[in-house]
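Trainee: Structure, please.
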Amino acid sequence: MPVLNERAYLRRAVQTVLAQDVAGPTELLLALAPSNDGTNELARELAADPRVVLIENPEADIPIGLNLAIRAARYPTIVRVDAHSELEPGYTTRALTTLDRVRAANVGGVMKADGRTPFQRAVARAYNSPIGLGGGAYHGGTQEGEAESAYLGVMRREVLEEVGLFDESIRRGEDWELNLRIRRAGYRVWFDPTLAVTYWPRESWTRLGRQFSATGRWRGELVRRYGRGNSVRFFAPPALVIALVLAVLIGVLELAGLLTGWWSLAASVVYLPVAAYVLLVIAVALGPGGGTGWRDKLWTLAVLPTMHLSWGAGFLIGVIRGAHDTVDTSRLGTRNTPLP
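Mentor: Here you go, the predicted model:
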């Protein structure tokens with residue numbers, strides 16, 4: 001479990017891991033980055049349980065922390081967990097059973113996003129919707145089978161060592177890239193919809209925007225590196241950004257009288273995808289699912305474009321300039337209040 005500024009969520013995350021009923025010895029390795037919200041003090045308190053092992057991750061990067069923990073781990077199966085999530089009872093046992101049953105190298109399930117405030121519930125609703133994150137299997141899929149990637153993942157250590165663990169030069173999208181190498185090495189990555197993990201999204205609008213901007217930029221970097229290995233669905237948000245920019249530009253030219261007649265009519269076709277997107281966002285916000293309060297619905301109207309446009313703009317920058325040292329700053333400098 002890589003950890004950075006997660007005092008509000010760490011205790012529950014650790015409790016749900018330690019509560020897993022597994023037929024065999026287990027340990028929980030916390031890769032601790034330099035937090036400033038009391039997270040590491042809480043981690044030392046939780047380490048009173050002898051199953052909890054603390055690993056220092058001074059670089060704070062997730063793939064570096066994961067590799068440090070994997071190298072320090074003693075057992076042949078690696079269960080990746082997140083400090084912002086909670087495992088359902090029986091998760092590990094079911095995953096281990098599936099891992100053996102289908103002879104996979106990595107097994108993952110459903111990311112079941114949840115929220116406690118109108119904003120966080122709106123983000124969770126977007127995560128759980130095919131519209132929000134592009135319809136990947138772990139965002140609500142119901143059909144078991146081979147998958148492109150796995151959320152978190154229960155993995156065979158020998159396969160991880162064979163393919164070279166996580167790529168420490170990739171700060172976001174490291175799971176997707178690792179699973180690409182696993183599949184290219186001839187192993188199975190498997191989706192099991194009976195597995196579910198509760199995920200708590202970002203708590204504020206600005207943090208959400210920073211998270212998706214960094215993630216989009218790294219996806220652009222992955223497109224630079226792996227080209228056709230990337231799913232077509234990753235190109236929808238940048239296409240939306242381009243359509244929106246063109247719509248604004250054409251609107252300005254029309255208002256200025258610089259674009260008229262048949263040229264104006266032909267160029268106006270760019271308004272169609274933008275209008276369709278607006279109607280889609282409104283339909284999702286007013287439709288069933290998620291919170292029922294008016295604040296939940298209003299936040300959904302803001303959350304979906306924030307996610308898509310931040311990710312899409314980041315993607316375009318990443319494709320053009322690369323990700324370089326881009327980091328997700330949405331976890332830096334937090335002062336979260338522990339959940340009840």
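Trainee: for this protein, what's the longest strand?
Mentor: When every strand of the chain is counted residue by residue (DSSP state E), the longest turns out to be strand 189-199.
Trainee: Packing partners of that one?
Mentor: strand 85-87, helix 91-101, strand 106-113, strand 145-146, helix 174-184 (3 or more CB pairs under 8 Å, 6 or more residues apart in numbering; DSSP states H and E). For glycine as for every other residue, the C-beta is placed from the backbone atoms N, C-alpha and C.
Trainee: average pLDDT for the second one?
Mentor: Same thing as helix 91-101. Averaged across helix 91-101, pLDDT comes to 96.
Trainee: can you check the third one too?
Mentor: Averaged over strand 106-113, pLDDT sits at 94.
Trainee: Sheet partners, orientation included, of that strand?
Mentor: Here the strand partners of strand 106-113, with direction, are listed using DSSP bridges: strand 154-156 (antiparallel), strand 189-199 (parallel).
Trainee: and after the longest one, which helix or strand comes next?
Mentor: Spelled out, that is strand 189-199. Proceeding C-terminally, strand 189-199 gives way to helix 205-226 as the next helix or strand, assigned by DSSP states H and E.
Trainee: got the angle between that next one and helix 174-184?
Mentor: Relative orientation of helix 205-226 and helix 174-184, computed by axes from the mean of the first three to the mean of the last three CA atoms, to 10 degrees: 30 degrees.
Trainee: Pull out the buried residues from the lowest-mean-pLDDT helix or strand in the chain.
Mentor: Evaluated with mean pLDDT, DSSP states H and E, the helix-and-strand set of the chain has its lowest mean pLDDT in helix 130-133, which scores a mean of 81. Within helix 130-133, the residues scored as buried using 16 or more other CB atoms under 10 Å are 131-133.
Trainee: The strands paired with strand 106-113: which one's closest to residue 64?
Mentor: Among those, strand 154-156 comes nearest to residue 64, with 17.4 Å by CB to CB.
Trainee: who's in contact with that closest one?
Mentor: Here strand 154-156 makes contact (CB atoms under 8 Å, 6 or more residues apart in numbering) with 76-80, 92, 95-96, 99, 105-108.
Trainee: quick check, distance from that strand to the centre of its chain.
Mentor: For strand 154-156, the distance between its averaged C-alpha position and the chain's averaged C-alpha position is 19 Å (CA atoms, centre = their mean, to the nearest Å).
Trainee: Next: stretch 279-295.
Mentor: The chain centroid and the centroid of stretch 279-295 are separated by 22 Å under CA atoms, centre = their mean.
Trainee: and the least confident helix or strand of the chain, what does it pack onto?
Mentor: Helix 130-133 packs on helix 118-128, helix 271-286, helix 294-321, going by 3+ CB pairs under 8 Å, 6+ apart.
Trainee: Okay, buried residues for the longest one please.
Mentor: Across helix 294-321, burial judged by 16+ other CB under 10 Å covers 296-297, 299-301, 303-304, 306-319.
Trainee: Equivalent analysis for the second one, please.
Mentor: Within helix 271-286, the residues that qualify as buried are 273, 277, 281, 284-285, counting by 16+ other CB under 10 Å.
Trainee: Tell me how many other residues crowd the closest residue to residue 306 other than its chain neighbours.
Mentor: Beyond its immediate neighbours in the sequence, the residue positioned closest to residue 306 (CB to CB, 6 or more residues apart in numbering) is residue 209, lying 5.5 Å away. When neighbours are defined as other CB atoms under 10 Å, residue 209 has 20 of them.
Trainee: Tell me the predicted confidence for residue 209.
Mentor: According to the prediction, residue 209 has pLDDT 96.
Trainee: Fine, thanks again, bye for now.
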